Structure formats: C-alpha cells, structure tokens
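Got a predicted structure plus its sequence, pasted below:
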Amino acid sequence: MQPETVNETVLSWSAAWRIAKRDLNARFRGLRLLLVCIFLGTAALAAIGSLTAAIERELSDRGQELLGGDLEVEVWQRPLNDAEMDALDALGEVSTGTRMQAMATTDDGAAPIELKAIDDNWPLYGVLTLTDGRETGAPPPGDAWVAQGALDRLGISVGDTFRVGTASLTAAGVIDNEPDRLSEGFQLGPTVIVREEVPARAGLLAPGSLYESKVRVAFDDTSQNPGDVEDALEEQFPEAGLDTRTRDRASPGADRFVRQMSDFLTLVGLAALVIAGIGIGGGVASYLEARRTSIATLKVLGAKSADIVRIYALQIAAAAAVGTVAGLVVGVAVTPVLAFALEGLLPVERGVVIELGPLVLAAAYGLLVAFAFAATPLLRARSFPAMALMRARVAPLARDWRALAWTLSGIAAICALALLTTADIRLSAGFLAGAAFALALLAAIGLAIRDLAKRMPRSSNPLLRNALANLHRPGAPTGALVTALGFGLASFVLLAAVQSAINGNIEQSVPREAPDYFVLDIPVDRQDEFEQLVTDKLPDATIRAVPTLRGAVLAYGPQDSMQRVSELERLPENAWALRGERGLTYADTLPEGNVLTEGEWWSQNYSGEPLVSLDANLAQAADIAIGDYITVGVLGVERTARVANLRRIDWESMGFNYVFVFSRNALADAPHNLAATIEIAPGSQDPTLLRDLVRAFPSSSVIEVGEVLKEARTILEQVSLATLAAASVAVLAGLAVLMGAIAAARASRMYDTVILRVLGASRKQVLLMQLLEYGLLALLLAGVALGLGTLLAWVIVTQLFEFEWLPDWGEVFAVLGFGLTLVVGFALAGSLPLLRAKPNRALREL
C-alpha cells in the first residue's frame, strides 16, 4: 500500500495541537501503558544515575578526607624506619599512628575494640566530631574518644575509666563522625581513639605483636600527582613491604563496590528500558487501534497523512513528556531511600541529591525509547488510506517496512547513547547484544507457535480448537504476547534468582561450625598458661593455637632464576597473595581442613632445608611448581624456602587459613606470637572467661566471632536490600508490559467475542477459551523465561558481584509459578469487559 501524496499545506503544529488536545483524555486514557512504561524506565535510570554520580562525586571530592591525607603508607609489625620517614617528610605534613585489635576492660566487663592511636597532626583533612558537638583531634593525655558501641559493651558512660592493656584511660567523649572511617576497612570491634604513645605504654607493641603502622601525608605541593609519588616510593623502597594508597583511591573496597553496583544498576536500567520499549510499542499500537475509526474519519474529511502524524505524535509526546517528568521526580525522590539502604557502606550525602547529568541522560533515554517504539504503529496508521483503516478489523493491514526503519534507527540511537555513556562498554555491549538475541529468539518462538498452532490437527473440543485458532488467525497478536510474556516472566526469574543467590551467599558466609572466640597476640612462652586458664573454666573447650607472623613475598620461582615481585609490571591474574604483606605461619602437621593436592608433608621433627606449603590456586595463578623457591621478608629479614607441596584450602571455614605454611625451622626464630581459636561446647558458656583472659593476658585481643558474623551479615543484607529494590523495577516494568499486552489483545478480541456471543457462546466458554490460550502460551514460554532470567541473574551474581552461584531453585520456580498465575489472572480479568460488551453496540463500532 503506497502512502498518499501530499500536495496541500499540512496543519500547523499549533492547529494540530488544538485537535490533539481536544481528543486527549485528561487522565491519558488509552496511553497509560506508554506513560507507565516511560515512567518506570526513566525513574529507574534517574535514581540509578543520581545515586552512582553522587557516590562517585563524594569519593572524588572527599578523597583526601576519606583517606586522611593525599598519600597513606602502611606496614605491619614495625614503625617506618628513618629513611622511609625522611622520604615522606620531604613531601609535606605527616601524621603517624598505629592500628590494632585490643581489649577494653573494666572491673565488671570486657569488649574487643579497634584501637586507633593518632598523633597531634591527625586529622590532616576533615574534622573529628563528637556527639556533644565538639570538633577535635587527638584526645588529651590519659583520655580516649570512644564509639558508642564500646560504651554499651563495657556498661560505662562518658567520664568513666577503663583499661586497654596495662593503661588506664578515661572515656572523654563519644565519636559521632570519624572523617577517615571508610578507609579503615572492616572493623572487628568499635573504635577507640587514643594518643600515639598509648599502645606502647599499654604493653601492646611487644616484638611479634600484630599491629599496623599508618603514616598519612598532606602534600606541600597540592598539584603533585599522588600516583607519581606512589610509584617513586615503590621504586625507592621496592622490598620494604609498604602498602600505599592515594586520595584517588581512598577506599579501594568502596571503589570496587561502587563499580559493581553501578554495573548492576546499569544492567537493571537497560533491562527496564528494553521491557518498557516493548510495552510502549504495544501501548501505542493499542491506542491507535482504538482510534482507527477517528483516523479514518479525519482522512475522509481531508486530513493529510502528515496531519495524522502530527496530531497523534503530539498526543504520544505529551504522554511521554508527563511520564518522563514524573519518572525524573520519583527517581530523585527515591535516591535518599537507596542511599539509606547503603548507609555505612558508601559515602552518600543525606537528603535529596540532584545530579543534572544523569537526569538529562534518563530523560533522553525515556524520550528516545518512546520515539523508537511508537514510530512504527504511528507511521503505519499514516500510510494506509481511509477505507483500509475502516476495514482493518476484518482485513488486517499489511506491514509497513518503511515505518519499521524509523524504529530501527531509534534503537540504534539508544544503543549508541548507552555505549557512549557507559563506564563499561563491554558490559553494556554484551547486554544489548543479549537483549537483541532475546528479542530475536522470542520473535522466532512467536512465529513457531503460530505455525505449530496452524499445523496441529483440529481438536474435537471446540474450546481448545478456538483457543488454538486464536494463536494463528489473521491479525492475531501472538508475536506481541510472546515477547511481552517472555520478558515479563523472565523479570520474575531474574529477581528470584539474584535475591536467592545473594541470600545463599549470606547463609554460606556464616559457617555451621565456627569457633566462639579468636584470640590474638598470645605470647609463645605462655601457651600452656593460656590453655590451662581456658580448660579450668571450660573443660570441654577445644583450643587450637598457631604461630602468626606477617611478611611479604619478595621473589619466587626456580632457584637459579627467581622472579622479584617488585620487578613485575603487573601481578599474574588471581595471584593476590603476592601483593603486600600476608599472614604467615609454620606447622609440623597439615592444617586442619586442608587437603594435599600435590607433594608430601614434612616429618614431625623436620630439620633440613626450610620448606613451604602453598595454596594450590596461588601456585597455578603464579605458575609456581614443587621444587621452586619462595623468598619472604619478615621484619626486614629475607627468608627463603623450597616449595614442598600444594594444598586445597577450605576458605569457608572460620578456622586459621594461611596461603603460606612453612616448616618450623623456616620461621620459628623470628619474633612472633600465637593466635588461637576457642570452641565451647553448647550450654557450657562461662561469662567470666573473657574478663579473666584479658586480666591474665592484657596485651592479647579476644574477638567474639558471633559479633563479627553479625556485622558481616548486616553488610550483606544491606547489599541484598539494595539489589532487591533495584531489580524490582524490572519486575514492575514486566508487570506493566504484561497488563498492556493483555489489554491490547483484549481490544483486538472484541469482534471475535461479540460474534461468538451472537452465535450462542456462553460467558463461561469465552473465559475458558481465554484461559486455554494464555495458559498454553505461558507454559510454552516458562522454559524460555527461566533460561533468559537465569542467564542474566548468573551474570549479575558471578561476574559483577563475584559471589558464588547459589540460587534457591525452589524459590525461583515458586516465583515463576506466581508469575504464571498472574498472567492467567490478568488474562481472565482482561476478558471481563468483553463479556459485558453489548453485541449491537459493539458491531456498530466495528
């Protein structure tokens, strides 16, 4: 069918708007699906973009405050030496301090704490705020700034005294805002801030004690590139075991989490857009179908094709604009809710956050999607003459492939915008390619279902026969229904699989069997005394003590050609244990929970060449073989050992897991302490154990595992809540598309239903035909939806979040079943208006 030739002047935009406004319902009746889909997609992208931009801006603008300087240097179990300090002093103002686990005690209680010792220069950036409003730095001698959690655990108030090691301190104020808290990492206890000399005065810095020296620098030359300074320090002190961070990556963990969440939210936003686009196409087609007679009448009265396009394009644009603006407003409004869900994990300013860039991008996406998916039905209505439109109910219009070209150009623009604005081109390109494949697959399935329904033998059951005929008759909306049902049901699977997999990881992070206490810094010569104290109080307790040291890998490989780690341009992939200092130990027997995969363990009283046992995964990543050598630096002394065997480590256990386990003669002469786990038999808890341990071993730290696991669970549950909220957007979009597709199909079924009613079909029979048709489609698409939703969920869980793939398949199938039930319910609910239609009136309107 050729479009008519326009020789006369078309309506002006103002005249077209007057006609469009007269026909446009104030509540957008008929265009609500378009409005809802645009609203959901725009709101999702606005919220996602605003939150991500706000977090990235906070990390960038507050990098100095979050880190506590322009540069931070860390080293374990020793202070920085004179040469290292001289190099840092030359850069600018320096703040030194110590971080370690310790115990705070009173006469009646004890609590594990994170002891943060600082000098008078701290903080170099930002301000420490106390709950009474004071802005301060290091506490006065003999005082401490204490987190509220420490006061609660000790049962004391501001002004009361407590002990850390052998030092007595006064709780002089409660910490409200600690400027560098995020960069300090995961805590094993509430923070207590003291002066720099307190750890030594309290007897906590004995040789072998586990503590971390931290030095921050505020550059004199603010234009200096922190990365260049970091590289210069690593070149000057290549094997000193120094860990460095700069203001540009004040919290690498937070940066990584932001990247993961940003990628995840981008996927959710793109998924919502794809699903919304399908809904928009169906909604506009349904709307124009309802106005088919009006369009034909306008053409009969002399309206040109361009007039038709202008009138209805303005109506669609008005609905799209309202949906876009509403989506932007809601996106901005929900950003504080998402920020609250992530509070404590990431730096997000409280209150409403307005980021212009993401809002403009979200609006551009929304309007482009509206244009791309509305163009085809709109231009299709333009291209056919009035009589063809009048008879479209009984003689469906042919496809207008030239109109489809506009949709393809709009989709190309959306893809280009997505690739130009994404932080991860490969991720977005992969998702867009996957979405295109899914659309093509569903289109092929729709054609296959039509063909299969046509080829099936005629059923003797008239209801089933008519239900199958509805799938392949001329003008049947089978293709649109298949696409909508496929993506809609896939969104249910996506939500269930992601959520249950994250919950599975949360459950797995809490081992079924875990020790009740970890005890750090037990003097080696007092091991028997420690074990005696515990067993006197709890005879059934199980104690496991291991030597614990810190050291950095300096070189590895064959003895005659060892590779110096400092000379590597980049570490081998997954060889994370070669970076910085790691925990080291020695043992006479294979550690509990470890399995030898290659080689043999050394004998009980081995005294030959120093040996080391490696994690098999590290050996594979770094290409280390049995017979190669490892050199580590421990307290400034290089120690070399031959690789004797490889082990598989059970990282899910809460016991001691070391990548490097040496023979006794390799490390026993280095200054070190012991760490121990205590497992208590059920029902034999002694409330005085913790207090007596601290009194007898004041320099030791006791960590209650239950509290640590509780905090870890809380963090993971926050992540789970944020992903649930984000993924729900895709489900809402899927629901909107399902309802819209069913509503559009209902409009096209009016003629069929009226004819059936005139021929004597009962309401029950009409409902059963609808139930059979949608039930067959839903069952056929359930498997496809399961595959699509599961694939996307797997990418999100394993590739983005780097969690294990642990979905609860029972929950996934239950949610998919719920989605199938909703489809059937929507179909039946959508059929009720058909049953109430008056045949004589409906036939006159055809």
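Nice, thanks for sending it over. Numbers count the residues shown, from 1 in each chain.

where does the stretch 201-350 of the chain dip in pLDDT?
249-273, 275-276, 279, 282, 289-290, 292, 338-350 (pLDDT under 70).

Going by residue numbers, what spans are strands in it?
Along the stretch 201-350 of the chain, counting by DSSP state E, counting those that start in this stretch, strands occupy 212-219, 243-246.

Just name the most buried of the ones you listed.
Highest mean neighbour count among the strands of the stretch 201-350 of the chain (mean count of other Cβ atoms under 10 Å): strand 212-219, with a mean of 23. (C-beta placed from N, C-alpha, C; glycine too.)

Identify all contacting residues around it.
Residues outside strand 212-219 that contact it (Cβ atoms under 8 Å, 6 or more residues apart in numbering) are 64, 67-76, 78-80, 85, 88, 91-100, 122, 124-125, 226, 229.

Not counting its neighbours along the chain, what's nearest T407?
T376 (4.6 Å; Cβ to Cβ, 6 or more residues apart in numbering).

if we can go back for a sec, P539: which of the strands of the stretch 201-350 of the chain is closest?
P539 sits nearest to strand 212-219 of all these, at 36.4 Å, using Cβ to Cβ.

Partner strands of that closest one, with direction?
Sheet partners assigned to strand 212-219 using DSSP bridges are listed as strand 71-76 (antiparallel), strand 92-105 (antiparallel).

Which of those sits closest to N665?
strand 71-76 (22.8 Å).

where does the stretch 51-200 of the chain dip in pLDDT?
Using pLDDT under 70, the stretch 51-200 of the chain drops low at 59-61, 185-187.

what separates Q315 from L34, distance-wise?
10 Å (Cβ to Cβ, to the nearest Å).

Those two: who's more crowded?
L34 (31 against 27; other Cβ atoms under 10 Å).

ok, back up a step: of all the strands of the stretch 201-350 of the chain, which lies closest to L481?
Here strand 243-246 is closest among the strands of the stretch 201-350 of the chain (Cβ to Cβ), at 54.7 Å.

Measure how buried G446 is and give me the count.
When neighbours are defined as other Cβ under 10 Å, G446 has 23 of them.

thought it was touching G479?
Yes: look at G446 against G479 with Cβ atoms under 8 Å: they come within range, at 3.8 Å.

Quick one: list the elements packing against the strand ranked longest in the chain.
Longest strand in the chain by number of residues (criterion: DSSP state E): strand 542-557. Here strand 542-557 touches helix 527-537, strand 563-564, strand 581-586, strand 629-634, strand 673-679, going by 3 or more Cβ pairs under 8 Å, 6 or more residues apart in numbering; DSSP states H and E.

Looking at the closest residue to T421 other than its chain neighbours now. What's its pLDDT?
Closest residue in space to T421, ignoring its immediate chain neighbours: L361 at 5.9 Å, by Cβ to Cβ, 6+ apart. Here, the pLDDT recorded for L361 equals 86.

One more: the one 3 residues further on?
A364 is assigned a predicted lDDT (pLDDT) of 87.

In contact with it, which residues?
L417.

Quick check: phi and psi on T222?
phi -70, psi -20 (degrees, to the nearest 10).

In space, what's closest to it - neighbours in sequence excluded?
In space, T222 is closest to D70, 8.0 Å off (Cβ to Cβ, 6+ apart).

Same question for R579.
L571 (6.0 Å).

what about that neighbour, neighbour count?
That count, for L571 with other Cβ under 10 Å as the rule, works out to 14.

What helix or strand is it located in?
Assessed by DSSP states H and E, L571 sits outside every helix and strand.

That one contacts L578, correct?
Yes: the pair L571 / L578 is scored as a contact, 5.4 Å apart, by Cβ under 8 Å.

the strands in the stretch 601-750 of the chain, which residues?
Under DSSP E, counting those that start in this stretch, the stretch 601-750 of the chain gives strands at 611-615, 629-634, 637-648, 660-662, 673-679, 701-704.

To W13, which of the helices and strands packed on strand 542-557 lies closest?
strand 581-586 (69.7 Å).

what's the burial count for the closest residue to L806 other than its chain neighbours?
Leaving aside its chain neighbours, L806 sits nearest to G504 (3.1 Å; criterion: Cβ to Cβ, 6+ apart). By other Cβ under 10 Å, the residues close to G504 number 18.

After the helix or strand hosting G504, which helix or strand is next?
If you go by DSSP H and E, G504 is part of helix 478-509. Counting by DSSP H and E, the next helix or strand C-terminal to helix 478-509 is strand 517-523.

Which pLDDT value belongs to L439?
79.

which residues touch the closest residue to it other than its chain neighbours?
Among residues not flanking L439 along the chain, T483 sits closest, at 6.9 Å (Cβ to Cβ, 6+ apart). Residues in contact with T483 (Cβ under 8 Å, 6+ apart) are 278, 439, 442-443, 446, 741.

Then I425?
L419.

try 10 Å
418-419 (Cβ atoms under 10 Å, 6 or more residues apart in numbering).

Could you report the pLDDT at it?
At I425, pLDDT is 78.

For it, give its distance to R570.
From I425 to R570 the distance is 21 Å (Cβ to Cβ).

coming back round to it: my guess is the residue nearest to T421 contacts G49. True?
Yes: between L361 and G49 there is a contact under Cβ atoms under 10 Å: 6.0 Å.

on that earlier part again, for Q315 and L34, list the residues in contact with both.
Shared contacts of Q315 and L34, counting by Cβ under 10 Å, 6+ apart, come down to 28, 284, 287.

Output those residues as JSON lines; include the columns distance to A490.
As requested, these are exported to JSON lines (distance: Cβ to Cβ, whole Å):
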{"residue": "F28", "distance to A490": "28"}
{"residue": "V284", "distance to A490": "23"}
{"residue": "Y287", "distance to A490": "25"}
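
neighbour-wise, which of those leads?
Going by other Cβ under 10 Å, V284 tops those with 29 neighbours.

excluding its backbone neighbours, what's nearest that one?
Here the residue nearest V284, using Cβ to Cβ, 6+ apart, is A374, at 4.3 Å.

Next, the buried residues of the host helix or strand of the one you found.
A374 is part of helix 356-383, with elements assigned from DSSP H and E. By neighbour count with 16 or more other Cβ atoms under 10 Å, helix 356-383 contains the buried residues 358-359, 361-383.

returning to what we had before: can you check which of the strands of the stretch 201-350 of the chain gets nearest to T166?
Among those, if distance is taken as Cβ to Cβ, the winner is strand 212-219, at 20.8 Å.

send the alpha carbons of that closest one over as CSV?
Output in CSV follows, covering the C-alpha atoms of strand 212-219 (Å, rounded to 0.1, in the frame of the first residue of the first chain):
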residue,chain,number,x,y,z
GLU,A,212,49.8,-1.8,61.7
SER,A,213,51.7,1.4,61.4
LYS,A,214,50.0,4.1,59.3
VAL,A,215,51.5,7.3,58.0
ARG,A,216,49.5,9.9,56.1
VAL,A,217,50.9,12.8,54.2
ALA,A,218,49.3,16.1,53.1
PHE,A,219,51.4,17.3,50.2
